[in-house]
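Chemist: from the sequence below, what's the structure:
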Amino acid sequence: MKRICIIDPDSGLGGSSKSIFLALKYIDKKNISISYFCKQSNPNIKLLKSNHISVSLLKTLPRLRSSKNSFLNIIILIKYLFILLKNIFYIGKLNFRLKSFDVIHINNDSVIANFFFLVFFNVKIVTHLRSVLEKDWLSLIQKKLIEKISSKIVLIGKKELNSFTSKEKIEHRKYSLLLNPVEKNVFKKKCKETNSDIILSYFGYYNFNKGQDILIDVAKKLLDLNIKNFKILLIGRLELNKKAKKRLGIKINNINHFKDLVSFYNLKKYFIILNHKNKLSKYYRMTDIYLKTTRELKPWGRDLLEAMSYGVPYIALGDCDFLDKGKSGFLIDNLNIEKMTKVIIKLINNKNLREKMGKAGRNHIKLNFAPKKYAIKLKKIWLE
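Modeler: Okay, here's the model as predicted:
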C-alpha cells in the first residue's frame, strides 16, 4: 500500500486545486491511501472526506515568484527568505510529519523550497509545474531547486514545458506532460429569445495581465459599429489596487473597482459585474461567447476549457497547441481590438456558427481532457 500525500497550498478555488480534486474524484484507490493537506478555506474539504481521503489543514506557505526585473528579484528573494526563516519551525515540523509518506505530490511549484528537508529522507517528490518560468536569474535558481528536490516533474502544457526543459530532456522519465482535466458538463443551456442580448463572458480576479480592462475598448468599438445587442459578464474579485491603477494610467481617486471604471466610461448598461462565485455552471450556461483577453497572450486556462465543456465558443488572445482553434473558437495572435471585434460580430450574427463551434468544443474536451484518463496517468506517475 503506497501512502500518497498531496500538498495543495492554494485556496481551492483556482485551476490547480480543481484539477487535483477532479483527479481524486475519479482515481482508483486500489493499493494507495491518500492524504490531502490544504487550507481551511478549501471548499472541497467535505467532499474529499466523503471520498475517504484524509484531510489535514495547512498554514499559508512562503511562495517564490520571480520578476523579469533583476533588481526587483533581489528584493523578492530577501523578502522570501525572511518569511521562510520566520516560519522555519512550522516548516520543519511539517517536513518531519511528511517523511512517513511514500510519495509527496506538491501541487504548486512556487512552494517547493519549503520541502527541501525531504531530500534527506527516502521520499518520492512529485512537483506539479503550473507556471511558465522566465529566463531571469531567480527563475534559474528555482528550476535548479525543483530539479534537485523532485523525483518527478509534471508539466501542464507545452509552454510550461519549453520554459523549464529542453525537448531532449522531456524524453527522460523524470518529466511528464499532463493536461489539466475538465468534466464534460451536462448541456442545459437556457433557451433565449431571438431579440435577447448576446452574453460575452470572462471569469476571474482582476489582474493587469489578465486584461479584463481590454473589454472596455471592445465594448466601445462594438458601439461605434452600432452593435448594441450585447452584455459583457464579468465575475470575480475585480478591485483595482494602486499598482493596477498605475499601470492603467488612472489618476482619479474614486476609481477603486472595475465597476467604477465601467461607470467612468458610461458603459454601465453594457456590463454585468458580479463578485466571486464558487459555482459558475449557471453563468457558463448563460454565456454565448467566452472572451479571454490576456495581455501575456497565454489563453491556456481552466476557465476557457470549462466554457468549452458547456458548449460555449471562445475568442482569445494568443496561441495554444491544445486548443481546437478554428473549430471550437478563434485565437487572435496579438492584441488587436479591431480584429477581435470583427470576430465577435461574426459570432453575434451567426447563431448556427456559435452552436457548431460549441459542439466541437465539447467533443474536444471529451477526447483530450477526460478526468478519468488524467486520474489513471497521475496514479501511474505516483507508482512508478
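Chemist: would you list every one of the helices in this protein?
Modeler: Assigned by DSSP state H, the helices in the chain fall at 15-26, 45-50, 70-86, 88-98, 137-149, 158-164, 214-224, 242-248, 258-264, 281-286, 302-309, 337-348, 351-368, 371-383.
Chemist: now do the fifth one: which elements does it pack against?
Modeler: Translated: helix 137-149. Applying 3 or more CB pairs under 8 Å, 6 or more residues apart in numbering; DSSP states H and E, we find helix 137-149 packed against helix 70-86, strand 124-129. In this view, the C-beta of every residue, glycine as well, is placed from N, C-alpha and C.
Chemist: closest to residue 360 out of the ones you listed?
Modeler: Among the helices and strands packed on helix 137-149, the nearest to residue 360 by CB to CB is strand 124-129 (29.0 Å).
Chemist: give the partner strands of the closest one in its sheet and their orientations.
Modeler: Strand 124-129 has the following strand partners under DSSP bridges: strand 103-106 (parallel), strand 152-155 (parallel).
Chemist: mean confidence (pLDDT) on that strand, please.
Modeler: Averaging pLDDT along strand 124-129 yields 90.
Chemist: how distant is it from the center of its chain?
Modeler: 18 Å (CA atoms, centre = their mean, to the nearest Å).
Chemist: contacts for that strand?
Modeler: 16, 20, 102-109, 112, 115, 118, 146, 149-156, 160, 164, 381-382 (CB atoms under 8 Å, 6 or more residues apart in numbering).
Chemist: please apply the same query to stretch 45-61.
Modeler: 7-9, 12, 21, 24-25, 29, 33-40, 87, 90-91, 94, 111, 114.
Chemist: with stretch 371-381 instead?
Modeler: Contacts of stretch 371-381 (CB under 8 Å, 6+ apart): 19, 22-28, 32, 126, 152, 154, 176, 178-183.
Chemist: so what touches stretch 329-349?
Modeler: By CB under 8 Å, 6+ apart, stretch 329-349 touches 198, 200, 211, 214, 217-218, 221-222, 225, 227, 229-230, 288-291, 293, 295, 297, 299, 308, 313-320, 323, 325, 353-354, 357, 361.
Chemist: correct me if wrong: residue 267 contacts residue 221.
Modeler: No. In this structure, residue 267 is not within contact of residue 221 by CB atoms under 8 Å, at 11.6 Å.
Chemist: before we move on, the earlier item: weed out the non-buried ones from the contacts of stretch 371-381.
Modeler: By neighbour count, with 16 or more other CB atoms under 10 Å, the contacts of stretch 371-381 hold 19, 22-27, 32, 126, 152, 154, 176, 178-183 as buried.
Chemist: out of the helices of the chain, which comes closest to residue 207?
Modeler: Across the helices of the chain, residue 207 has its closest neighbour in helix 242-248 (7.6 Å, CB to CB).
Chemist: re earlier: if any of the contacts of strand 124-129 are buried, give me the PyMOL selection for them.
Modeler: Selection of the buried residues among these in PyMOL, burial being defined by 16+ other CB under 10 Å:
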select buried, resi 16+20+102+103+104+105+106+107+108+109+112+115+118+146+149+150+152+153+154+155+156+160+164+381+382
